[in-house]
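Asker: I would like the atomic coordinates for the input below:
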Amino acid sequence: AKKSLRQRAVEELKHYYDGFHLLWTDTKVAARMVWRLLHGQVLTRRERRRLLRTCADLFRLVPFLVFVIVPFMEFLLPVFLKLFPEMLPSTFETESKKEEKQKKKLNAKLELAKFLRETIAEMAKRNKADTG
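Answerer: Modelled structure (predicted):
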């Protein structure tokens, strides 16, 4: 069933509210990690990745806020997201976008594995021919 314009607008507002809330939470956690780093503690690999992702999200937030603040510029947001898909902070991604990104990564990994398998098979044939 197709949703009304009001329902879609409410869903979008909830989506952006949740995104800002998650970004705020990530920022608080990242601030604690920076505090720990400044006091000589070492971060785990997982914490380091989260800190880097949060910093990147904060830098991505600046152009995103321009679209939100300037009147009627939010209508251009879909165009810019098509041109620059990584412009949106990670906390604002929908599940379908996350799944699409995972599928692309998986396909790239499968292609790499296929290439490596073919390369190893070719090297094995060469070695067999050299020894035979």
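
Asker: switch to C-alpha atoms for all contacts and neighbour counts from now on
Answerer: Noted.

Asker: Is Leu43 in a helix, a strand, or coil?
Answerer: Using DSSP: H, G, I helix; E, B strand; the rest coil, the structure places Leu43 in coil.

Asker: What helices and strands are in contact with the strand or helix carrying Glu47?
Answerer: Per DSSP states H and E: Glu47 is located in helix 45-69. The contact analysis (3 or more CA pairs under 8 Å, 6 or more residues apart in numbering; DSSP states H and E) places helix 45-69 against helix 5-38.

Asker: Show me what the helix it packs on is packed up against.
Answerer: Applying 3+ CA pairs under 8 Å, 6+ apart, one finds that helix 5-38 contacts helix 45-69.

Asker: Toward the C-terminus from the helix it packs on, list the very next helix or strand.
Answerer: Moving toward the C-terminus from helix 45-69, the next helix or strand (DSSP H and E) is helix 77-83.

Asker: quick check: mean pLDDT across that next one?
Answerer: The average pLDDT within helix 77-83 is 83.

Asker: So which bits of it are buried?
Answerer: Buried residues in helix 77-83, counting neighbours by 16 or more other CA atoms under 10 Å, are found at Leu77, Phe80.

Asker: outside of it, which residues touch it?
Answerer: Outside helix 77-83, the residues that touch it by CA atoms under 8 Å, 6 or more residues apart in numbering are Phe67, Met87, Leu88.

Asker: one more time with 7 Å
Answerer: Under the contact criterion CA atoms under 7 Å, 6 or more residues apart in numbering, helix 77-83 has outside partners Phe67, Met87.

Asker: Report the buried residues of the helix holding Glu47.
Answerer: Within helix 45-69, the residues scored as buried using 16+ other CA under 10 Å are Arg50, Leu51, Arg53, Thr54, Cys55, Asp57, Leu58, Arg60, Leu61, Phe64, Phe67.

Asker: Wait, the fourth one touches Asp26, no?
Answerer: Yes: contact between Thr54 and Asp26 holds when scored by CA atoms under 7 Å: they sit 6.3 Å apart.

Asker: longest helix of this protein?
Answerer: Criterion DSSP state H: the longest helix present in the chain is helix 95-131.

Asker: that older thread, out of the buried residues of helix 45-69, which comes closest to Leu76?
Answerer: The nearest member of the buried residues of helix 45-69 to Leu76, counting by CA to CA, is Phe67 at 7.8 Å.
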